[in-house]
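> 3D, please:
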Amino acid sequence: MFKNKAKEKLLAGKVAWGVMLADPSPDIIEILGNAGFDWVLLDNEHGHVSMESMANCARACEVSGMAPIVRPIVGTPEIIRPFMDMGAFGVQAPQVDTPEAAKIVVDAVKYPPLGLRGFFSGNRNNLYGAGMPAAEYLEHANQESLVVIMVETPTGIRNAEAIARVEGVDVVFVGAGDLSVLMGHPGQGTHPEVVAAIEIAIEGILRAGKIPGCSCPDDQIPFWLERGVRFFHSGVWRLLMRSGQDWLTTMRDAEASIIGKK
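Residues are numbered from 1 along each chain as shown. Sure thing, here's the model as predicted:
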């Protein structure tokens, strides 16, 4: 049965390292899992990940030991529940501003008594019914599923602690991209006003006893680690661009040093 590696690390006080993927390629997912990432953010909000592609994405995650977490286009039950039945281990719901909206996400992910998700013990995560008995599967699924709530607006920042206190929420993730735009500093996630807002949110999340996450440039990760953030992700496009540029720089330096001498 599925074991959520990312959630297991978080509960042990460790960092869960993820990577965002907009393209539902099982091959790329398998490579990322074999590279050692704990979880992958399968992007339905800004990417091509869909209900139709979810099952194959989940299979690739299962092969490589990586937890598939979906970012739905919106945190509503009709969007979230099918992704869960097709193999998602949890969701990272965007643009949540209130505890009430966070509770809707929890209810969509968790089976009763923790939520309101319609129960079906014959889905992928229970080997199409050949896995655990129904009652055991229900308890296991509630235990292993991960609920990540994204706060990305000034209102969400103000409500971060109250959102974190919602039962069933595991991680509150501060999205610096949208926040920077709404604060009048588009694309400036390291602007002092944006950083101060993120710090306020993280302090509240920690007071609530929950795990903070945030988006930030790679060189800022140590800064946020020191402040208690334990949930990060990079992006496949960013990693591909950087590795491609690094390779080309190295090879062109070799070209210049060898051919340039002739």
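> what is the burial count for residue 93?
By the other CB atoms under 10 Å criterion, the neighbourhood of residue 93 contains 29 residues. (Glycine included, C-beta is placed from N, CA and C.)
> I meant to write residue 13 there.
The number of residues packed near residue 13 is 8, by other CB under 10 Å.
> now do the one 10 residues further on
As a burial measure, residue 23 scores 15 neighbours (other CB under 10 Å).
> quick one: it from residue 46, how far?
In this view, residue 23 and residue 46 are 11 Å apart by CB to CB, to the nearest Å.
> what do you get for residue 120?
Per CB to CB, residue 120 is found 29 Å from residue 46.
> quick one, which of those two is more surrounded?
Higher neighbour count among residue 120 and residue 46: residue 120, with 15 against 11, using other CB under 10 Å.
> tell me the pLDDT of that one.
What the model reports for residue 120 is a pLDDT of 92.
> tell me the phi and psi of it?
Backbone torsions for residue 120, taken as degrees, to the nearest 10, come to phi -150, psi 110.
> tell me the spacing between it and residue 111.
Using CB to CB, we find residue 120 at a distance of 9 Å from residue 111.
> again with residue 236
Distance, residue 236 to residue 111, using CB to CB: 32 Å.
> what does residue 252 give?
Spatial separation of residue 252 from residue 111 under the definition CB to CB is 55 Å.
> the two: who's more crowded?
When neighbours are counted by other CB under 10 Å, residue 111 comes out ahead of the other of residue 252 and residue 111, with 20 against 10.
> stretch 109-125: end-to-end distance?
13 Å (CA to CA, to the nearest Å).
> ok, and for it, which residues are buried?
Neighbour-count burial for stretch 109-125, with 16 or more other CB atoms under 10 Å as criterion, is recorded at 109, 110, 111, 114, 115, 116, 117, 121, 123, 124, 125.
> let's verify the third one: helix, strand, or coil?
This points to residue 111. At residue 111, secondary structure determined by DSSP: H, G, I helix; E, B strand; the rest coil is coil.
> where does it land on pLDDT?
Residue 111 is assigned a predicted lDDT (pLDDT) of 97.
> quick one, what contacts it?
Under the criterion of CB atoms under 8 Å, 6 or more residues apart in numbering, the contact partners of residue 111 comprise 117, 119, 138, 141, 142.
> cool, and the fourth one?
Residues counted as contacts of residue 114 (CB under 8 Å, 6+ apart) are 106, 142, 167, 168.
> just checking, the first one touches residue 167?
Yes: in this structure residue 106 lies within contact range of residue 167 using CB atoms under 8 Å: 7.2 Å.
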